[in-house]
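structure, please.
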Amino acid sequence: MLAFTVFDTKKFMAQLLKGDVFDHFTFRQGEIYSFVTFTINGTKEESLLTEEDSEPYCLWGDIKPFVFETVKGKKSPRSMKLILSLPKEKIERYPNAKTVFLNLLFREGTLLCTTSLTEETFSLEQKATKLWDEDILNFFKKHEITIQVET
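Here you go, the predicted model:
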């Protein structure tokens, strides 16, 4: 697991909510605390799934406009928690991984990100976790998102 803080929250939120940088991630769930609490479940409605749907979760690119409408305005939300993951077809790179997560927590003007990984079967080996952490650090660097890794 890796924890890091994003320096330029405004730039990051623009990339997250207006850009396409994160659109390939799936959206698991989110909570937005504003004048009311919004809870969003990213699971697709089972009765609407087709045979072509291999992923039970919405892509961030599909849910992003709804989140943007919820948070836009003169006042930032008090806090916001979003849980993203890679689609199933993109986790083959990570041995024994069932799901790899990127968790975003915005609170009091600070954006804290954490990574996590669930495994298919229990293992003491941390190869997949280390690889995911390296990949997400490279992803942020590639998109010029300055971060500070927490120790």
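
ok, Lys81 - contacts?
Applying C-beta atoms under 8 Å, 6 or more residues apart in numbering, we find Lys81 in contact with 30-31, 103-106. C-beta coordinates here come from the backbone N, C-alpha and C atoms, glycine included.

among those, which are in strands?
In this view, those that belong to strands under DSSP state E are 30-31, 103-106.

give me the neighbour count for Leu16.
Neighbour count for Leu16, taken as other C-beta atoms under 10 Å: 23.

how many residues are close by the residue lying closest to Thr110 once chain neighbours are set aside?
Among residues not flanking Thr110 along the chain, Thr5 sits closest, at 6.3 Å (C-beta to C-beta, 6 or more residues apart in numbering). A count of neighbours around Thr5, defined by other C-beta under 10 Å, yields 14.

host element of Thr5?
If you go by DSSP states H and E, Thr5 is part of strand 3-6.

so what strands line up beside that strand?
strand 110-119 (antiparallel), strand 147-149 (antiparallel) (DSSP bridges).

just to revisit the earlier point, which of the ones in strands among the contacts of Lys81 are buried? Put it as a ChimeraX command.
Here is the ChimeraX command that selects only those of those that count as buried (16 or more other C-beta atoms under 10 Å):
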select :30,103,104,105,106
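
and the ones in strands among the contacts of Lys81, which is closest to Lys11?
Closest approach to Lys11 among the ones in strands among the contacts of Lys81 (C-beta to C-beta): Phe106, at 13.3 Å.

three-state assignment of the most centrally placed residue in the chain?
The centroid of the chain falls nearest to Leu84 when counting by C-alpha atoms, centre = their mean (2.7 Å). Following DSSP: H, G, I helix; E, B strand; the rest coil, Leu84 is assigned to strand.

list the contacts for it?
Leu84 touches 22, 25-28, 60, 101-104, counting by C-beta under 8 Å, 6+ apart.

what about 7 Å?
Residues near Leu84 by C-beta atoms under 7 Å, 6 or more residues apart in numbering: 22, 25-28, 60, 101-102.

make TSV from these and add secondary structure to it.
Shown next, in TSV, are these (three-state DSSP):
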residue	secondary structure
Phe22	coil
Phe25	coil
Thr26	strand
Phe27	strand
Arg28	strand
Trp60	helix
Phe101	strand
Leu102	strand
